[in-house]
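Undergrad: Here is my input, please return the structure:
(one chain, ligands or ions: 1)
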Amino acid sequence: MKAPRKFAALSLAALVTTGTAVAAPAFAVGEGPGYGGNETINTSILRSYDEVVAELKTQDARQPALELEVIGQSVKGRDLYLAKYITNPDNPTILYLTQQHGNEQLTTEGALEFIKHLGTGKSQGVLDGVNILVVPMLNPDGAMGDVDFSLDGYIADGGRTLTRTNANNVDLNRDHVNKLEPETRALHDNVMRAYDIDYMIDLHHQGAQSERDGELVSGSILYPTTPNVDPAVLEGSKRLGSVVFDAVDSTGWDHLGRYVGGNAETISRNGIAVEYGISTLLFEMRGMSDNTRESAVLGQKSNGYLIRQTVVTLSATAQAIADGSIATADTSFWGTLAEQTTRPSE
Ligand SMILES: [Zn+2]
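TA: Okay, the predicted model is just below:
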């Protein structure tokens, strides 16, 4: 078992000025997973929907390789964005999806950092070998608390409430079979069916109390578990997980477990793997941006390393697909990676 590591805090503003995605942090990236603080969080330090869109447009203006597409609208009429880098249609393609659950925002912050890094010029070799699609903030109404149900009981400060479900109080990640919600339909009609996608990572937050081998996790991962998944697709998912595990594990400040998830194909990890033959991976990071349960929410001192964990995950997988090394990724670690468990409350 690794010893818990502690780091000094790093502000969001400082994080966005750091260099390449995969370099070891030159300075601290927030509290490591050994930190168990549940102090009040302030949602005003997270980007609003408008700020997410503004950042996408800023990067679009700066980056010739980047193209933005509106794939549909949310229940409340917010445009849903796809950021795409398609250098060569014959290259393999990966999709990164964030914030199906509106109260899980650090994955979106990380995805925006990743997009910014792709524009630095150091990523040209990567973009020559892989097409990258990013759907950030699929549930903007939930992310902004612009919903048709009560917000009583949510605990975050900052003038903004973030909810898991969309404005209709539907869990989008249980809608991948029927596709009844406009956000889910937009994803399937204008991304899943419109592009030839090989890999997908679906990024979430899971709360703060999970541990593996007695130590709190910084996140947990899982491949499709429905019995209907094609074995070759499943193997691709396990290789994708191997790249993520190796990259994040080598940072020294992570601790990953195997997520415990269901077999239902209403969940994207399962349904998208079966319907489109895409190798999917679920990444459930620690923490949550808002919740009605205090135990789920992790204080903002952890934001730095969780955003960094997202950037490392996206950068490493794009690189491994671009250079072909994902084909030989060692999946044997799955055989010994223990399932996470919930730390008993005191
Ligand atoms: Zn989630």
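
Undergrad: only C-alpha atoms for contact and neighbour calcs from this point on.
TA: Will do.

Undergrad: Quick check, Tyr49 in contact with Met144.
TA: Yes. Counting by CA atoms under 8 Å, Met144 is a contact partner of Tyr49 at 6.9 Å.

Undergrad: between these two, which one's more packed in?
TA: Met144 (21 against 17; other CA atoms under 10 Å).

Undergrad: any idea how far Gly335 is from that one?
TA: 40 Å (CA to CA, to the nearest Å).

Undergrad: Report the contact partners of the closest residue to the ion within the stretch 151-300 of the chain.
TA: Among the residues of the stretch 151-300 of the chain, His204 lies closest to the ion, at 4.2 Å counting by CA to the ion. Residues near His204 by CA atoms under 8 Å, 6 or more residues apart in numbering: Thr98, Gln99, Gln100, His101, Glu104, Thr107, Leu282, Phe283, Glu284, Met285.

Undergrad: Read off the pLDDT value for the third one.
TA: Looking at Gln100, its pLDDT reads 98.

Undergrad: my guess is it meets Asp175, correct?
TA: No. Contact criterion CA under 8 Å: Gln100 and Asp175 do not qualify, at 10.5 Å.

Undergrad: what about the two, which has more around it?
TA: Neighbours per residue (other CA under 10 Å) separate Gln100 from Asp175, with Gln100 holding more: 28 against 19.

Undergrad: State the distance from that one to Ile321.
TA: 24 Å.

Undergrad: do Ala208 as well
TA: From Ala208 over to Ile321 (counting by CA to CA), the distance is 31 Å.

Undergrad: So if I had to pick from the two, which one is more boxed in?
TA: Ala208 (27 against 23).

Undergrad: give the contact list for the residue nearest the centre of the chain.
TA: With distances taken as CA atoms, centre = their mean, the residue of the chain nearest its centroid is Leu203 (2.4 Å). Applying CA under 8 Å, 6+ apart to Leu203 gives the contacts Tyr96, Leu97, Thr98, Gln99, Thr107, Leu282, Phe283, Glu284, Met285.

Undergrad: for Glu339, same thing?
TA: With CA under 8 Å, 6+ apart, Glu339 has these contacts: Arg212, Gly257, Arg258, Tyr259, Val260.

Undergrad: Of these, grab the buried ones for PyMOL.
TA: Buried subset of those, written as a PyMOL selection, criterion 16 or more other CA atoms under 10 Å:
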select buried, resi 212+257+258+259
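
Undergrad: In space, what's closest to the one residue in the stretch 51-200 of the chain that gets nearest to the ion - neighbours in sequence excluded?
TA: Residue nearest to the ion within the stretch 51-200 of the chain: His101 (4.8 Å; CA to the ion). What sits nearest to His101 in space, not counting adjacent residues and going by CA to CA, 6 or more residues apart in numbering, is Arg164, at 4.4 Å.

Undergrad: Give me the pLDDT for that neighbour.
TA: 95.

Undergrad: do Thr317 as well
TA: For Thr317, pLDDT reads 98.

Undergrad: Quick one: low-confidence residue ranges for the stretch 51-200 of the chain.
TA: Of all residues in the stretch 51-200 of the chain, none has pLDDT under 70.

Undergrad: pLDDT value on Gly30, please?
TA: 47.

Undergrad: Can we start the residue count at 6 from this point?
TA: Sounds good: first residue 6 from here, last item Gly35.

Undergrad: quick revisit: among the contacts of Leu208, name the ones in helices.
TA: Thr112 (DSSP state H).

Undergrad: Now tell me what touches stretch 53-64 from outside.
TA: Here stretch 53-64 makes contact (CA under 8 Å, 6+ apart) with Leu71, Leu73, Tyr86, Ala88, Leu117, Ile120, Lys121, Gly124, Met142, Pro145, Ala148, Met149.

Undergrad: Which residue comes closest to the third one once chain neighbours are left out?
TA: Pointing back at Tyr86 there. In this structure, Tyr86 finds its nearest non-sequential neighbour in Val75, 4.7 Å apart by CA to CA, 6+ apart.

Undergrad: ok, Trp88 to Ser242 distance?
TA: Careful, residue 88 is Ala; it's not Trp. 23 Å.

Undergrad: Now a PyMOL select for only the buried ones of the contacts of Leu208.
TA: A single PyMOL command selects the buried members of those (16+ other CA under 10 Å):
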select buried, resi 101+102+103+104+112+287+288+289+290
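
Undergrad: Can you flag which of the contacts of Leu208 belong to strands?
TA: Tyr101, Leu102, Thr103, Leu287, Phe288, Glu289, Met290 (DSSP state E).

Undergrad: Widest-spaced pair of the residues you listed?
TA: Tyr101 and Met290 (14.3 Å; CA to CA).

Undergrad: Check the secondary structure at the residue nearest to His106 for me.
TA: Classification of Arg169 by DSSP: H, G, I helix; E, B strand; the rest coil places it in coil.

Undergrad: For the residue nearest to the centre of the chain, give its distance to Pro236.
TA: In terms of CA to CA, Leu208 sits 23 Å off from Pro236.

Undergrad: try Asp176
TA: Applying CA to CA, the value for Asp176 to Pro236 is 28 Å.

Undergrad: These two: which is more packed in?
TA: Taking other CA under 10 Å, Asp176 and Pro236 do not tie; Asp176 has more neighbours (19 against 11).
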